[in-house]
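Participant: Below are the sequence and a predicted model; questions follow.
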Amino acid sequence: MGAESPHPHPPFGHLPPQAGEGLSTTPYPTRIRSLPTHDHSPPAHNYSPLPPPAGEGWDGGKLATRATTQPIAPMRTGTKLSMARSLRKTMTEAERKLWHRLRLQQLGVKFRRQHPVGPFIADFACLEPRLIVEVDGSQHLDSATDAQRDAYLQAQGFLVRRYWNHDVLMATDAVVEDILGALAEAGHLNC
């Protein structure tokens with residue numbers, strides 16, 4: 001081993017004051033000295049800011065204004081598209097039961113399952129009459145995020161219908177009838 005340093009390291013979390021410096025007045029010990037400043041321009045990286053405070057959502061509570069002022073990138077890219085594919089493979093029992101009734105144009109229109117729409121993935125989307133069908137569990141009860149999501153989708157011209165898992169499982173025919181009514185409301189079917 002080498003010779004010991006004449007100035008042993010101070011304990012972790014404590015730095016001795018430098019010449020001409022007094023003791024820190026902060027209640028916590030200083031662990032890192034400030035780095036010298038350079039005249040270099042900022043890096044070209046576009047780092048995202050810190051997430052907003054709790055309770056304000058991923059956009060700091062500005063979804064409605066952002067949807068009207070800035071276009072949101074489509075979701076059909078990279079990891080988001082692979083996430084939609086993964087959701088198609090792991091559908092809930094209620095989603096599978098409703099998909100069995102919506103697929104193959106049984107209602108006269110084409111539905112897509114776990115379909116990316118803007119920054120979201122819709123459980124079922126019918127693009128021609130612009131209808132979104134969501135099948136929700138109890139975790140969606142009074143969800144502010146769902147309200148923001150619905151506002152965004154409606155601003156894009158979609159009609160959004162939400163059904164509880166229990167209703168889809170126990171009253172599938174009634175849910176399908178309501179979807180037919182929504183298709184008529186969207187102006188696609190003459191019921």
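Facilitator: Ah, there it is.

Participant: measure residue 125 to residue 157 for me?
Facilitator: Shown here: residue 125 relative to residue 157, a distance of 12 Å by Cβ to Cβ, to the nearest Å. The way it works is simple: take the backbone N, C-alpha and C, and place the C-beta from them, glycine included.

Participant: more neighbours, those two?
Facilitator: residue 125 (22 against 8; other Cβ atoms under 10 Å).

Participant: So what touches the helix or strand that contains that one?
Facilitator: Residue 125 is part of strand 120-126 when elements are defined by DSSP states H and E. Residues external to strand 120-126 that are found in contact with it (Cβ atoms under 8 Å, 6 or more residues apart in numbering): 75, 80, 83-84, 87, 95, 98-99, 102, 109-117, 131-135, 149, 152-153, 158, 183, 188.

Participant: among these, which are in strands?
Facilitator: Mapping the contacts of strand 120-126 onto strands (DSSP state E) picks out 112-117, 131-135.

Participant: tell me the angle the longest helix seen in the chain makes with strand 120-126.
Facilitator: With DSSP state H applied, the helix covering the greatest number of residues in the chain is identified as helix 172-185. For helix 172-185 and strand 120-126, the angle between their directions (axes from the mean of the first three to the mean of the last three Cα atoms, to 10 degrees) works out to 90 degrees.

Participant: just to revisit the earlier point, relative to the strand holding residue 125, what are the paired strands and their orientations?
Facilitator: Using DSSP bridges, the strands paired with strand 120-126 in its sheet are strand 112-117 (antiparallel), strand 131-136 (antiparallel).
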